[in-house]
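Chemist: Pasting a predicted model and its sequence here:
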Amino acid sequence: MHEKKMKMKIRIMALRQLLMFSIALNVGLLFNMYPNALAIFDFKNNSFVSKLPFYSAPKPLDQVLDLDHGDPMVYEKYWRQMGDKTTVVIPGWKFVSYFSDKKSLCWFLEPEFAYAVDRLHKLVGNADTEDHYLVVGTGSTQLFQAVLYAASPPNQTEPISVVASPPFYSSYRLITEYLKSGLYEWAGNANEFKKDKPYVEIVTSPNNPDGLSREAVVNKNGGIVVHDLAYYWPQYTPITSPADHDIMLFTVSKCTGHAGTRLGWALVKDEEIAKKMTEFIMLSTIGVSKESQIRGAKILQVIADSHEKRDKFKKTEPFFEHSYKLMAMRWNDLEDVVDQNKLFTLPNFAPARKCNFSGHIFAPQPAFAWLKCEGEVEDCEGFLRNHKILTRGGTQFGSSAKYVRASVLSRDDVFDQFTERLSSIN
């Protein structure tokens, strides 16, 4: 028995020495790879926090590329480079109350977020905030639902019609029909709407999915026009004048890339509509997360500072300048591939226009590519799926199956593989 115990102790000691040798070897390798390795780890409050530089492993060449959703991962690298400039620390006692400002029409709107929104619009010049009420929502999806609720006439005998000109954003129809509400109903193509009754027309400009500028087409009495301006920012399209519409929707996700923050805002001229929108949000979610608003406010302020206080951002470009260049490079690559491969075509964005914000002269470079399969291919979505590229088919946008929408906002490695795979299809 004694001999067995001795052998066990010897084995344990050997394993310990091997473990220590392995640790020393790996630490040495770490210091060779990262000379400032002491700064790589934080030990705070007895917790271990890794600060290793971000690294995204390339996807295997045969992996499925999911370009169906507009997940804005293209912006991740920029915000990592910003370090802790957008970090927000919120004390545990803060935001105990439901209310932000009881005297405000939108009583759950944080004043800090309202100020940041107003400041950014005035900097970019893409929307007139004067004579508009600001309503905050959990993304523009909730705001769209709030608009439909607010636009529905009281004591109506039939649902109000909701229309859009195709190709329209695929979720409009889904959101409108989801609750099977008696207040409103999806009526489809705005170009074919002939009823002399109240209606809601949604105008997305730049448009999702094709990136083109849009205007209302119905133009009848009794209508309410909702302008979805999620992409009216200078990385996607030239800012030619401040938008000044009755109802304008914006979202943090497409402006800054922070889709997970779930935050949007509406600029509304009519006080009663703004009140009813606020009522809808109160009834559905009892307001909007204050933590999201404070984080959103910080991000918007940093964007504005990156342009107005450049001396404090010497290691990074101003946000919209960086994003403009990034989208320009992607669209240059994508258009080259499509031009060389005659199987596909893209919308004609000419002519280029001058952006009043940046001074750049350029054609739209949208967040999505509205690809058309030419020739005998009738199901473009299925055709690309066979090549392991997931897109959203044109029929979901009220258009032809020969079209698909593909996101241009993926990480670099995914986008590069997308263009490489397109170029190899014949």
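Modeler: Arrived safely.
Chemist: Mind checking what helix or strand follows the helix or strand hosting residue 275 in sequence?
Modeler: If you go by DSSP states H and E, residue 275 is part of helix 271-285. Of the helices and strands lying after helix 271-285 in sequence (DSSP H and E), the nearest is helix 290-308.
Chemist: so where is the chain shaky, pLDDT-wise?
Modeler: For the chain, the stretches flagged by pLDDT under 70 are 1-61.
Chemist: mind listing the helices for it?
Modeler: Using DSSP state H, the helices of the chain run over 2-33, 76-81, 111-124, 139-151, 170-178, 252-256, 271-285, 290-308, 319-340, 380-385, 412-424.
Chemist: now the residue lying closest to residue 275 once chain neighbours are set aside: how far from residue 374?
Modeler: Spatially, and ignoring its direct neighbours in sequence, residue 275 is nearest to residue 105 (6.2 Å; CB to CB, 6 or more residues apart in numbering). For glycine as for every other residue, the C-beta is placed from the backbone atoms N, C-alpha and C. Look at residue 105 and residue 374: by CB to CB, to the nearest Å, they are 51 Å apart.
Chemist: give me the beta-bridge partners of residue 201?
Modeler: Beta-bridge pairing for residue 201 (DSSP bridges): residue 163, residue 225.
Chemist: Renumber starting at 30 from here on
Modeler: In the new count, where the first residue is 30, that last one comes out as residue 230.
Chemist: Count residues in the vicinity of it, would you?
Modeler: 22 (other CB atoms under 10 Å).
Chemist: How about residue 216?
Modeler: Other residues close to residue 216 by other CB under 10 Å number 21.
Chemist: got it, and the one 3 residues further on?
Modeler: Using other CB under 10 Å as the criterion, residue 219 is surrounded by 24 other residues.
Chemist: Assess the claim that it and residue 243 are in contact.
Modeler: No: Residue 219 is beyond contact range of residue 243, at 10.0 Å (criterion: CB atoms under 8 Å).
Chemist: list residues touching both of these two?
Modeler: residue 194 (CB atoms under 8 Å, 6 or more residues apart in numbering).
Chemist: What lies in contact with stretch 212-226?
Modeler: Applying CB under 8 Å, 6+ apart, the set of residues contacting stretch 212-226 is 177-178, 180-181, 185, 187-195, 201-202, 205-206, 228-230, 245-247, 249, 251, 427.
Chemist: try 7 Å
Modeler: Stretch 212-226 is contacted by residues 177-178, 181, 188-195, 202, 205-206, 228-230, 246-247, 249, 251, 427 when judged by CB atoms under 7 Å, 6 or more residues apart in numbering.
Chemist: just stretch 227-236 next, same as before
Modeler: Against stretch 227-236 from outside (CB under 7 Å, 6+ apart): 177, 180, 182, 189-193, 197-198, 201, 213, 219, 222, 241-245, 247, 251-258, 260-261, 265-266, 393, 395.
Chemist: Among these, name the buried ones.
Modeler: Buried by 16 or more other CB atoms under 10 Å: 177, 180, 189-193, 197-198, 201, 213, 219, 222, 241-243, 245, 247, 252-258, 260-261, 265-266, 393, 395, out of these.
Chemist: Would you indicate which residues of stretch 320-328 are buried?
Modeler: 321, 322, 323, 324, 325, 326, 327, 328.
Chemist: Sorry, slip of the keys, the one I care about is stretch 268-276.
Modeler: Neighbour-count burial for stretch 268-276 [16+ other CB under 10 Å]: 268, 271, 272, 274, 276.
Chemist: For residue 398, give me its contacts.
Modeler: Per CB under 7 Å, 6+ apart, neighbours of residue 398: 363, 375, 435, 437.
Chemist: One more: residue 331?
Modeler: So residue 331 contacts 111, 114, 115 (CB under 7 Å, 6+ apart).
Chemist: burial count for the second one?
Modeler: Other residues lying near residue 114 total 16 when counted by other CB under 10 Å.
Chemist: Quick check: closest non-adjacent residue to it.
Modeler: residue 331 (5.4 Å).
Chemist: Same question for the first one.
Modeler: Taking CB to CB, 6+ apart as the measure, residue 111 lies nearest to residue 345, with 6.2 Å between them; neighbours along the chain are not counted.
Chemist: Residue 399 and residue 434 touch, don't they?
Modeler: Yes: between residue 399 and residue 434 there is a contact under CB atoms under 7 Å: 5.9 Å.
Chemist: distance of the residue nearest to residue 299 when sequence neighbours are not counted from residue 266?
Modeler: In this structure, residue 299 finds its nearest non-sequential neighbour in residue 275, 6.4 Å apart by CB to CB, 6+ apart. Distance of residue 275 to residue 266, computed by CB to CB: 21 Å.
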